[in-house]
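[1] fold the stuff below for me.
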Amino acid sequence: IQHIFTVRWNPGKDLLAVAVSWLLVTGALYTATVIIGSSVWGGFAYFLLYALLCATIFGVGFPLYWTVTKRKRSIADLGLTTQRLIPSLALQAVFSVLLYSVTLARVQLPSANELIPLIGLALAIGFFEAIFWRGWVLLRLEDAFGIIPAILLGSALYAVYHIGYAMPASEITFLFFIGI
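    From the prediction side, this is the model:
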């Protein structure tokens, strides 16, 4: 328990890399959503900026490159491991059923042609968030400052990142608490 409340000051190159990648991800998201929008090239420009540049290259590729190539660490350093896989999958199944029962079970689902891309998008966003927010940002902040400061700083970065969606301050404040 003492480890949880330990606060330290140990910023380094990893933290600088996190700051750069966060700025790139947030900037690409803002450019895609606010400057380009979803109507240019039938939404393809938005897709290229958001899915390819923001999430794939800056959000997953940059952390993988930095961790494996620059720092010479394994991808387990980003939380990509099979350790505790079975309990994790079991918990995911339980939470999926619970979430479905209180949300999607109560609404009319779209046709398969509309639903399958949405499922793909949800899985891709989940992968991006797991790598970028939990495996990259949060773990580097924890290394530099400790668990509690990492949670607070990570939540603040997560909330402010959503400025890229042109969200109002009230929603960004709400997302800070979601991030915790």
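
[2] quick one: secondary structure of the residue most central in space within the chain?
    Nearest to the mean C-alpha position of the chain, by C-alpha atoms, centre = their mean, lies Glu129 at 2.3 Å. Of the three states, Glu129 takes helix according to DSSP: H, G, I helix; E, B strand; the rest coil.

[3] so how far is Val97 from it?
    21 Å (C-beta to C-beta, to the nearest Å). The C-beta positions use only the backbone N, C-alpha and C, and glycine is treated the same way.

[4] tell me where this protein has helices.
    Defined through DSSP state H, the helices belonging to the chain, from first to last, are 13-30, 44-47, 62-64, 85-102, 112-129, 139-145, 147-161, 169-179.

[5] just put those helices in a markdown table and tack on distance to His3.
    As requested, the helices of the chain are exported to a markdown table (distance: least, C-beta to C-beta, whole Å):
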| stretch | distance to His3 |
| --- | --- |
| helix 13-30 | 19 |
| helix 44-47 | 42 |
| helix 62-64 | 24 |
| helix 85-102 | 22 |
| helix 112-129 | 25 |
| helix 139-145 | 10 |
| helix 147-161 | 7 |
| helix 169-179 | 21 |
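
[6] so what touches the helix-or-strand element of the chain with minimal mean pLDDT?
    One helix or strand of the chain scores below all others by mean pLDDT, DSSP states H and E: helix 112-129, with a mean of 85. Here helix 112-129 makes contact (C-beta atoms under 8 Å, 6 or more residues apart in numbering) with 51, 55-56, 59-60, 109-110.

[7] what subset of those is buried?
    51, 55, 59-60 (16 or more other C-beta atoms under 10 Å).

[8] so which of those sits lowest on pLDDT?
    Of all those, Ala51 carries the smallest pLDDT score, 89.

[9] how close does that residue get to Gly43?
    11 Å.

[10] run a quick neighbour tally on the residue lying closest to Trp66 once chain neighbours are set aside.
    Computed as C-beta to C-beta, 6 or more residues apart in numbering, the closest residue to Trp66 that is not its neighbour in sequence is Ala17, at 4.9 Å. Ala17 sits with 19 neighbouring residues when counted by other C-beta atoms under 10 Å.
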